[in-house]
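Novice: Sequence unavailable; structure follows:
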Ligand SMILES: Cc1cc2nc3c(=O)[nH]c(=O)nc-3n(C[C@H](O)[C@H](O)[C@H](O)COP(=O)(O)OP(=O)(O)OC[C@H]3O[C@@H](n4cnc5c(N)ncnc54)[C@H](O)[C@@H]3O)c2cc1C
């Protein structure tokens, strides 16, 4: 048992922290996320290619670094701290692992090197209109001997801007089992639209599929064979997302502590009032326990505990970190008073990220129910 | 970063599990099972002696003092197996986890050889005598005095809330040895034999109905002049270290005991059908998740300690576990329903989970209240202005 960062992991953390601090100031992230794409392509290329993080979880035979969720979590934590908008999560945490988990060698060879080089982005359309994992509104079926996808997907991260989409569709003639299909976003019949979203620094798209032709070789691994791969990607994604939540919460704490030192009321810093001190101390309790949860879950995931073990680790991280971030972000607004309620201050951006990440892979109630089943209670 | 135990650690776990299996037979079998009280003191003391005789009383200590130089991870494994075997908190906890480490850190060599081996052997029991009626959270306000008379310290004053003092041979007594001093100056940490005519120990009945803590009156109580930790007037630093042990390393195994308690609640919920209630099921799952997080946090704390670092995960430990445990108590009562409110017989003897529920109110009080813990984090970790003192 070595539940501490290795030297390389600490270095990665330092690099990620200083990089995202450099590019991820408040004005910068607001500007970037207002662009139609929702991010700055030149900085994305720097992240993927120059810094080499596109290659993080890619096996060495594709020129990757062959690292794991712990490393992804380290980067995600810094993304959460700055709310830096980019297709990192969509491409590196969701789509790429889906291709790795479900695709065959040829499919992997076709796309992965371009992702590693920062030349291509991708996302995963894994939910339907309502954004609830498992509720998929896209169907793949054979019409006149040709495979087609129809239906829609919701809440697809950067789905309007990426080059490729991995689409989770129910397979009509395979008992509704899931097929994962790799398609260029600009395929005929695919309509993507960025939607107005509660979280202004994160772009999501609604995607319509109107009898989209599925070319040969674009179903990852084969029709109806995607359920386990998708589950694996979502569970690992949930752990990476929990790291983002920890990073966001940590930044909220830093903002709150700074404000508590500087803001004077009744002739003293508000940080000298116990009501404020204790609120901030409780943030530390939540954040540090959440950090322990994330890295424990990430380590477990990297040690390949099997499907059930992975799901339990993911649910642990998702429940604990979702709550930790939400409570911390809400209290951050409170600590800042009227200023915390403005659009100008960043507190609301973290609060909204906290709210919108809560349900991304199932909300805490969903994960508790799943845990209860694992415990033999339901 | 990696999890998982080494082959050596797994072997250690096997050895310890096997040992408990063999040892907890005969009379000792009664120590198993979910009693969160300490009904049979004689039996528990003889168990401590047995642990000592088998070299398992203080596994973390160096061999020279009766230990086996166990690593932190081995201590966690030991605690996990101890809990798995059905054992509750040890009566010698204060000696092994609080007093011993304080003597290791601040004691003289002669004190180490006098006091540590009997603790390791399970032959001498200790109490921590810090709190007073006028000095709890504000510990530095304490008034118990000691002064030198010839080759002895003579002690006057009153202590309160001393856990297990009624079964202790010795007390670690924080008292004022500089007349007229105030606050944390002029305090000393004395080692005082409890069995003497000038020490009166009165058990105090707790809200659980049991009496685990005590009032202690020192009316000219004596201890030899050399029974002092460090120099006279230097006691505060050592006492703070004692509290550090109490809130820190000694709690690494807490999650293991809580695991057993949670299993009891889960079993009860399955048996009485409450697990089918979605609201209860959600809370049970949250309790499970909360406990897994606690274990992760403990392991992170341990890993940092092994690298001689104290991370923020260590300072949150007490607040986190106390909160979790109180919620478990409340959940247990909701699972059991009104049946949990019925005692067997007329002597306020409640089922284990009811006792756990009641006891858990203390978790946010002893070893630094929730409010004091929050002050510590706010002031020491976040650097916020200190409270008026
Ligand atoms: C089961 C149990 C076992 C114990 N065992 C021992 C033992 O073995 N040895 C020993 O020496 N002591 C022991 N104690 C005593 C324990 O350390 C004290 O009870 C504790 O430090 C609180 O002190 P107090 O009881 O005087 O409460 P007080 O200090 O009077 O506190 C009362 C309330 O005021 C709050 N408060 C106090 N100061 C502040 C502040 N600055 N800011 C905000 N709120 C504040 C507290 O949080 C608490 O809610 C034990 C207590 C319990 C419950």
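Specialist: Received the coordinates, thanks. Source: prediction; values computed, not measured.

Novice: Surely residue B:4 and residue A:302 touch.
Specialist: No: using Cβ atoms under 8 Å as the test, residue B:4 is too far from residue A:302 to be in contact (10.7 Å). (Glycine included, C-beta is placed from N, CA and C.)

Novice: neighbour-wise, which of the two wins?
Specialist: Per other Cβ atoms under 10 Å in any protein chain shown, whichever of residue B:4 and residue A:302 has more neighbours is residue A:302, with 21 against 11.

Novice: OK, contacts around that one?
Specialist: A:68-70, B:2 (Cβ atoms under 8 Å, 6 or more residues apart in numbering or on different chains).

Novice: From those residues, list just the buried residues.
Specialist: A:68-70 (16 or more other Cβ atoms under 10 Å in any protein chain shown).

Novice: from those residues, which single one is nearest chain B?
Specialist: For chain B, the nearest member of the buried ones among the contacts of residue A:302 is residue A:70. The distance, counting by Cβ to the nearest Cβ, is 5.2 Å.

Novice: Next, count neighbours for residue 105.
Specialist: As the question left the chain open, I've gone with chain A. Using other Cβ under 10 Å, residue A:105 is surrounded by 9 other residues.

Novice: ah, I was thinking of chain B
Specialist: With other Cβ under 10 Å as criterion, residue B:105 counts 15.

Novice: State the helix or strand in which it lies.
Specialist: helix B:100-106 (DSSP states H and E).

Novice: after that helix, next one along is what?
Specialist: helix B:109-120.

Novice: ok, residue 118 - contacts?
Specialist: Assuming you mean chain A. Counting by Cβ under 8 Å, 6+ apart, residue A:118 has contacts A:44-50, A:54.

Novice: try again with chain B
Specialist: Here residue B:118 is in contact with residue B:124 (Cβ under 8 Å, 6+ apart).

Novice: Which residues of the stretch 51-200 of chain A lie near chain B?
Specialist: Contact residues, the stretch 51-200 of chain A versus chain B (Cβ under 8 Å from any Cβ of the partner chain): residue A:70.

Novice: Secondary structure class of residue A:193, three-state.
Specialist: Following DSSP: H, G, I helix; E, B strand; the rest coil, the label given to residue A:193 is strand.

Novice: per-residue pLDDT, the nearest residue to it once chain neighbours are set aside?
Specialist: Leaving aside its sequence neighbours, residue A:193 sits nearest to residue A:206 (Cβ to Cβ, 6 or more residues apart in numbering or on different chains; 5.3 Å). On the pLDDT scale, residue A:206 is placed at 98.

Novice: swap in residue A:1?
Specialist: Listed pLDDT for residue A:1 reads 79.

Novice: next one: the one 3 residues further on
Specialist: At residue A:4 the predicted local confidence, pLDDT, stands at 93.

Novice: Give me the phi and psi for it.
Specialist: Dihedral angles of residue A:4 (phi, psi; degrees, to the nearest 10) stand at phi -140, psi 160.

Novice: residues contacting it?
Specialist: B:1, B:300, B:303-304, B:307.

Novice: Same list, these, but only the ones touching the ligand.
Specialist: When Cβ under 6 Å from any ligand atom is taken as the criterion, no member of those contacts the ligand.

Novice: Which ones among these also lie next to chain A?
Specialist: B:1, B:300, B:303-304, B:307.

Novice: Which parts of chain B are helices?
Specialist: Assigned helices in chain B, in chain order: B:7-23, B:41-53, B:72-84, B:93, B:100-106, B:109-120, B:235-247, B:254-272, B:278-306, B:312-336, B:352-359, B:370-376 (criterion: DSSP state H).

Novice: Tell me which of these sits nearest to residue A:125.
Specialist: helix B:278-306 (29.1 Å; Cβ to Cβ).

Novice: Outside of the helix or strand of chain A with the lowest mean pLDDT itself, list whatever touches it.
Specialist: Using mean pLDDT, DSSP states H and E, helix A:105-116 stands out as the lowest-scoring helix or strand of chain A, at a mean of 93. Helix A:105-116 is touched from outside by A:48-49, A:54-55, A:58, A:62-64, A:91-92, A:95-96, A:99-100, A:120-122, A:164, A:182, A:217-218, A:220, with contacts defined as Cβ under 8 Å, 6+ apart.

Novice: Which members of the residues you listed are positioned in helices?
Specialist: Of the positions in the contacts of helix A:105-116, A:96, A:99-100 sit in helices, assigned by DSSP H.

Novice: So which of the ones next to chain A among the contacts of residue A:4 wins on neighbours?
Specialist: Neighbour counts for these, by other Cβ under 10 Å, peak at residue B:300, which reaches 24 neighbours.

Novice: contacting residues around that residue?
Specialist: A:3-4, A:291-292, A:295-296, B:311, B:313.

Novice: So which bits of stretch B:147-164 are buried?
Specialist: B:152-164.

Novice: Show me which residues of the stretch 201-350 of chain B are close to chain A?
Specialist: For the stretch 201-350 of chain B, the residues in contact with chain A (Cβ under 8 Å from any Cβ) are B:266, B:269-270, B:275-276, B:278, B:281-282, B:284-286, B:288-290, B:292-294, B:296-297, B:299-300, B:302-304, B:307, B:311-313, B:315-316, B:319-320, B:323.
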